[in-house]
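# Need a 3D model of the sequence below.
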Amino acid sequence: MGKNFRDTLNEQMKDKNFKKEYDNLEPEYQLIKAMVKSRDEKHLTQKQLSDITGIAQSEISKYENGLGNPSLDTIERIAKGMGKKLKLEFI
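Residues are numbered from 1 along each chain as shown. Have a look, this model is predicted:
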């Protein structure tokens, strides 16, 4: 039987260069997760969020799939469209 994703990832995480690159992507993954979770909590489709924000549904899809690089202004528009506020922190 082949390895599953988690087993493969755990094996690759032993490589310090891979782990560093993976860890560098964590803020992006957190943002994507927060966007999708918030949209789901509001029971909004990407199309509905697009209509509210004026951001193309295809762009929202790209952002949620990690294929786009939204500006801070765009992220704020998305948050506002879901009745949320954007909070950034330096830790």
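# Could you list the low-pLDDT ranges of this structure?
1-2 (pLDDT under 70).
# Gln48 in helix, strand or coil?
helix (DSSP: H, G, I helix; E, B strand; the rest coil).
# Count the neighbours of it for me.
Other residues lying near Gln48 total 15 when counted by other C-beta atoms under 10 Å. The way it works is simple: take the backbone N, C-alpha and C, and place the C-beta from them, glycine included.
# just the one 3 residues further on next, same as before
By the measure other C-beta under 10 Å, the count of residues near Asp51 is 13.
# now Pro28: how far from Leu44?
Quick fix: residue 28 is Glu, not Pro. 21 Å (C-beta to C-beta, to the nearest Å).
# Those two: who's more crowded?
More crowded of Glu28 and Leu44, by other C-beta under 10 Å: Leu44, with 18 against 12.
# wait, isn't Ala56 in contact with Gln46?
No. Ala56 is beyond contact range of Gln46, at 9.6 Å (criterion: C-beta atoms under 8 Å).
# Which one of these two is surrounded by more residues?
The neighbour count for Ala56 versus Gln46, taken as other C-beta under 10 Å, is higher for Gln46 (18 against 12).
# can you pull the contacts of the more buried one?
39, 57, 60-61, 64 (C-beta atoms under 8 Å, 6 or more residues apart in numbering).
# Of these, keep whichever come out buried.
39, 60, 64 (16 or more other C-beta atoms under 10 Å).
# Just give me the closest of the residues you listed to Arg6.
The shortest gap between Arg6 and any of the buried ones among the contacts of Gln46 belongs to Glu64, at 21.9 Å (C-beta to C-beta).
# Can you check which helix is longest in the chain?
helix 26-41 (DSSP state H).
# what packs against that one?
helix 57-64, helix 72-81 (3 or more C-beta pairs under 8 Å, 6 or more residues apart in numbering; DSSP states H and E).
# so can I have a markdown table of those showing distance to Glu11?
Shown next, in a markdown table, are the helices and strands packed on helix 26-41 (distance: least, C-beta to C-beta, whole Å):
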| stretch | distance to Glu11 |
| --- | --- |
| helix 57-64 | 28 |
| helix 72-81 | 34 |
